Each structure stands twice: as C-alpha cells, then as structure tokens.
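Novice: Just a sequence and a predicted model for now, questions to come.
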Amino acid sequence: MTIAIHTEGLTKHYGDVEALMNLDLDIHSGEVFGFLGPNGAGKTTTIRTILDEIRPTAGKASILGMDTHLQSVEIRDHIGYVPGDLAMYPNLTGKDTLTYFANLRGGVDWDYVEQLRERLGADLDKRVGDLSSGNRQKVGLIQAFMNKPEVLIMDEPSAGLDPLVQREFQKMMREVAADGRTVFLSSHTLSEVQRVADRVGIIRQGRLIAVEGVADLRSKAIRTVNLYFDGPVDGNVFKPLPGVRDVKVDNHHVMLSFDGQMETLLKVVTERFHVLDITTQEADLEEIFLTYYEEVSA
C-alpha cells in the first residue's frame with residue numbers, strides 16, 4: 001500500500017510537558033483513518049506537528065513522501081485541512097472566503113464547489129461573522145474539500161453540525177477514500193469515527209497505544225446488555241460467562257455489562273433460556289478507553 005502520512009519518532013515537548021511522545025504511524029492512501037482520544041490527549045499537537053505549524057522536539061514526518069518541514073509549501077498543494085480552532089475573516093462572506101482560498105490554490109472547479117454547498121446546505125451569501133458555528137464549519141469543510149486534495153486532515157470537523165449534515169459529511173469522507181485519496185480524522189467521538197473509518201489510532205497522554213481496525217476496537221467495548229425472559233432466572237448462571245460482569249436481576253429481566261463477542265453470549269443464553277427480547281447499548285468512547293487501558297496495563 002502507498003503511505004500517505006508517515007511519522008517516525010515524532011515528539012513534542014512544551015517545557016516539561018510531554019505533549020507527544022515517539023509517534024510512529026503509517027496512514028495508507030485510500031483509507032479513512034480515525035485518530036481517537038479524549039480532549040488533551042495530544043491529537044491537535046500531532047496534527048499541528050505533522051503540518052509543520054509547530055516544530056517537533058524530535059522525530060520527523062512526511063506527507064505523500066514529502067518531508068513536512070523541508071517541503072511544507074509544496075505539500076499545501078496536495079492537502080485539505082480543517083483545524084480544530086477554525087477561524088476566518090468575519091467581514092467576508094462565505095463566497096468571498098472560498099474565493100480567497102481558491103486564489104491561493106490557483107483556482108478550483110466552481111461547479112464542484114456548488115455541489116459541496118448544496119450537499120452541506122451552506123449559506124455563502126452571509127458574512128462569516130454573522131453565521132452560527134455550525135454554518136461557519138460548513139464553509140471550512142467546503143474550503144478543505146474544494147480542491148479535491150489527495151490528503152484531507154481534519155481536527156474535530158463535525159463540531160456544530162446537525163445530524164443530517166453530519167451524515168452527508170460522512171458520505172463525503174467515504175467518497176474521498178473510494179477515490180483512492182486519504183482522510184485523517186481526529187475526533188473524541190467514537191460514533192462518528194466508527195461509521196466512516198477503516199482503522200483507528202488511540203492516543204493517550206501523548207502516546208499512541210494502539211492502531212486497530214474499527215471492528216476490532218468495537219469488540220473490546222463494554223456493552224450494557226438487557227435480556228428479557230419468559231420467566232424468572234438465576235443471575236448466578238451468567239456470572240461465570242467470559243466477559244460478563246455487573247449482573248443485575250429483576251425477575252424476568254437481566255442487565256449485565258459485557259466486553260466479549262456478542263455471538264458467544266447469545267449462543268450460551270439461547271441454549272439455556274427462552275429469550276423474549278434483547279437490547280444492547282454500546283459503551284461510549286471513554287468506557288472503551290478504560291477497557292482498553294486495563295488490557296494494556298494488565
């Protein structure tokens with residue numbers, strides 16, 4: 001596979017604060033790569049260092065085989081970028097803003113820009129300063145996509161977007177990957193990442209602790225499982241099952257936490273009982289982190 005983004009020992013210190021430590025990472029062309037971590041984990045520092053907005057304390061990075069420091073200007077012709085702290089000139093309209101960026105890039109296909117505007121429902125006639133945060137974000141997304149970059153790098157890009165626009169934006173990311181181009185998506189929201197990403201990297205306190213496929217990550221999650229039976233059941237039957245914890249029984253209803261393969265749990269349960277209904281609630285990102293960190297430290 002072609003490597004779109006490569007980092008080697010990438011490190012950034014702010015005085016005594018180790019914001020990023022020894023990041024070794026390869027992101028392939030044609031994939032959506034989710035970069036997951038809670039706020040303060042080092043996601044934005046990683047992006048800014050890769051883009052040469054800040055200089056690393058140690059290590060190096062490349063985009064499309066080009067050194068991100070020595071060839072930073074040339075790299076700008078091949079990437080689209082949405083920063084986490086998106087800021088634009090408040091007195092320019094959305095159209096003026098896009099024209100400004102288009103001129104910097106040497107021109108764009110305005111028919112394609114119009115398609116992006118329609119898909120995101122963006123208002124380009126108002127001054128940016130008069131737009132809501134979500135509508136400003138739409139302008140930022142259009143400027144990142146409009147030159148059809150080979151690599152898209154986005155830091156919390158869904159901030160402020162309503163659910164319908166988020167869904168369209170997710171389709172746009174998958175289309176980029178299907179076209180053989182690359183998306184680097186930094187987020188703390190697992191639900192967004194798991195819908196679009198092929199692989200994810202998990203960063204914690206400035207250190208990359210795992211790179212996994214989305215399906216593998218979800219299998220590590222603790223789920224809350226509710227089981228409804230046609231009669232009373234003994235909760236002690238469930239406690240020895242692998243991955244089961246925190247079993248609670250209320251007559252015909254059993255609620256438990258489970259961090260294994262659902263297929264295994266369902267097989268055991270349906271062989272022993274008559275199940276009327278099953279509901280599951282996936283863990284949020286923080287719970288998955290806790291589960292994963294327990295495995296790492298064990």
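Specialist: Cool, the structure landed. Numbering: from 1, shown residues only.
Novice: could you list every residue that touches Gly59?
Specialist: By CB atoms under 8 Å, 6 or more residues apart in numbering, the contact set of Gly59 is Thr7, Glu8, Gly9, Leu10, Thr11, Asn22, Leu23. Glycine gets a C-beta too; all of them are placed from N, C-alpha and C.
Novice: Now stretch 46-61: average pLDDT?
Specialist: For stretch 46-61, mean pLDDT is 97.
Novice: again but with stretch 254-271, I slipped
Specialist: Mean pLDDT, stretch 254-271: 86.
Novice: in stretch 222-231, what counts as buried?
Specialist: By neighbour count with 16 or more other CB atoms under 10 Å, stretch 222-231 contains the buried residues Ile222, Arg223, Val225, Leu227, Phe229.
Novice: these two touch, right, Asn22 and Gly206?
Specialist: No. Assessed by CB atoms under 8 Å, Asn22 is found out of contact with Gly206, at 9.2 Å.
Novice: With distance to Gly160, secondary structure and pLDDT added, can I get the buried residues of stretch 222-231 in a markdown table?
Specialist: Output for the buried residues of stretch 222-231, formatted as a markdown table (distance: CB to CB, whole Å; DSSP: H, G, I helix; E, B strand; the rest coil; pLDDT from 0 to 100):
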| residue | distance to Gly160 | secondary structure | pLDDT |
| --- | --- | --- | --- |
| Ile222 | 29 | coil | 74 |
| Arg223 | 29 | strand | 82 |
| Val225 | 34 | strand | 93 |
| Leu227 | 38 | strand | 94 |
| Phe229 | 44 | strand | 94 |
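Novice: The contacts of Gly59 in helices, which ones?
Specialist: Nothing among those maps onto helices, per DSSP state H.
Novice: circling back to that earlier point, of Asn22 and Gly206, give the one with the bigger neighbour count.
Specialist: Taking other CB atoms under 10 Å, Asn22 and Gly206 do not tie; Gly206 has more neighbours (22 against 15).
Novice: so what pLDDT did the more buried one get?
Specialist: Taking Gly206 on its own, its pLDDT is 94.
Novice: What sits closest to it if chain neighbours are left out?
Specialist: In this structure, Gly206 finds its nearest non-sequential neighbour in Gly42, 4.1 Å apart by CB to CB, 6 or more residues apart in numbering.
Novice: Near the one you found, how many other residues are there?
Specialist: Gly42: 22 surrounding residues under other CB under 10 Å.
Novice: wait, it sits on Asn22?
Specialist: No. Contact between Gly42 and Asn22 fails when scored by CB under 8 Å: they sit 11.5 Å apart.
Novice: Now do the shared contacts for those two.
Specialist: With CB under 8 Å, 6+ apart, Gly42 and Asn22 have common neighbours Arg207.
Novice: can you map out the strands along this protein?
Specialist: For the chain, the strands defined by DSSP state E occupy 3-14, 17-28, 32-36, 58-63, 66-67, 79-82, 151-155, 182-187, 199-204, 207-213, 223-229, 244-250, 253-258, 275-281.
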